[in-house]
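Visitor: please work out how this folds:
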Amino acid sequence: MIRWFVSLIFMIHIYFMMVVIGLLWGPYALLSPEGARAGAKAYSRYVFWLSRWMLGLRVEVRGPIPSGEVIIAAKHQSFLDILMIFTALPAAKFIMKREILWTPVIGLYARRLGCVPVARGKRGAAITKMVKDVEAGHALPGQLIIYSQGTRLAPGVKAPYKVGTAVLYNQLKQECVPVATNAGVFWPRTGVLRKPGLAVVEFLPTIPVGLNRDAFMSVLEEVVETKSNELMVEGGFDPS
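Guide: Coordinates of the predicted model:
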């Protein structure tokens, strides 16, 4: 009960500070995408510091951090892995639900960072527009993050990998960096309770350009799921 109560205070505080930090950095964000990136990273680092102090939850990023124009195909379990991946990369931008653009504070920063909105429920049209937006330069240069399963999933939950990642990989002719995580073991997608431990995001070996769609999807799913399972076991959770 004490841990749940502390977690509740923590969650209230970080959402309050999202507004505070967002407003403080807002003028800089309006002037420059670099200002939006600096403000978002300041918030992320504050969350990391507070989670360590209040919850005993530490974060660690492993593997080589890409710096060029690449696709980041990530496992998504938690709000925490969003912050960890974004903060690790020099110029991250997300493929994201269109509705987020209208969210206070987050929407402003998403626009300024060059995130690419996608309409849900319109698979073919959404993928086509997503590719056009990226190719036309509507998004700023940087590392394009896509969650290949389309949504947050609790540890151990199975879901198919969606074809949108392969479409981007083939159309953009960019290398793809898979990313695994165990963040959901400690910071679940729903509920209040946050657990102490070590949340890890790991950047895996790059998938080079040139694979066909089926081969790419097979490699991506295999490496991300295998490493994520290993990290979850390391975090004390049995994904089976």
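Visitor: what's residue 78 sitting at in phi/psi?
Guide: Backbone torsions of residue 78, given as degrees, to the nearest 10, read phi -160, psi 160.
Visitor: before we move on, which element is residue 58 in?
Guide: Using DSSP states H and E, residue 58 sits in strand 57-62.
Visitor: now the element after that strand, going C-ward?
Guide: Beyond strand 57-62 in the direction of the C-terminus, DSSP H and E gives the next helix or strand as strand 71-74.
Visitor: tell me what the strand holding residue 58 is packed against?
Guide: On a contact count with 3 or more CB pairs under 8 Å, 6 or more residues apart in numbering; DSSP states H and E, strand 57-62 meets helix 33-55, helix 79-88, strand 197-203. C-betas here are computed from N, CA, C, even on glycine.
Visitor: which residues touch the helix or strand just after the second one?
Guide: Going back to what we said before, that points to helix 79-88. Using DSSP H and E, the helix or strand that follows helix 79-88 in sequence is strand 92-97. Residues outside strand 92-97 that contact it (CB atoms under 8 Å, 6 or more residues apart in numbering): 37, 72, 82, 85-86, 110, 113-118, 120, 130, 139-140, 142-147, 164.
Visitor: filter the residues you listed down to just the ones in helices.
Guide: Secondary structure defined by DSSP state H assigns 37, 82, 85, 86, 110, 113, 130, 164 of those to helices.
Visitor: quick one: low-confidence ranges for this structure?
Guide: Applying pLDDT under 70 to the chain flags the ranges 120-130, 133-140.
Visitor: from residue 167, how far out is residue 198?
Guide: For residue 198, the distance to residue 167 equals 35 Å [CB to CB, to the nearest Å].
Visitor: contacting residues for the residue nearest in space to the middle of the chain?
Guide: Centroid-nearest residue in the chain, with CA atoms, centre = their mean: residue 82, separated by 3.2 Å. Counting by CB under 8 Å, 6+ apart, residue 82 touches 76, 94.
Visitor: how near is it to residue 27?
Guide: The value you get for residue 82 to residue 27, if CB to CB is used, is 24 Å.
Visitor: residues touching residue 215, list them.
Guide: Contacts for residue 215 (CB under 8 Å, 6+ apart) come out as none.
Visitor: report the angle between the helix or strand harbouring it and strand 197-203.
Guide: In this structure, residue 215 sits in helix 213-234 according to DSSP H and E. Orientation of helix 213-234 against strand 197-203 (axes from the mean of the first three to the mean of the last three CA atoms, to 10 degrees) gives an angle of 160 degrees.
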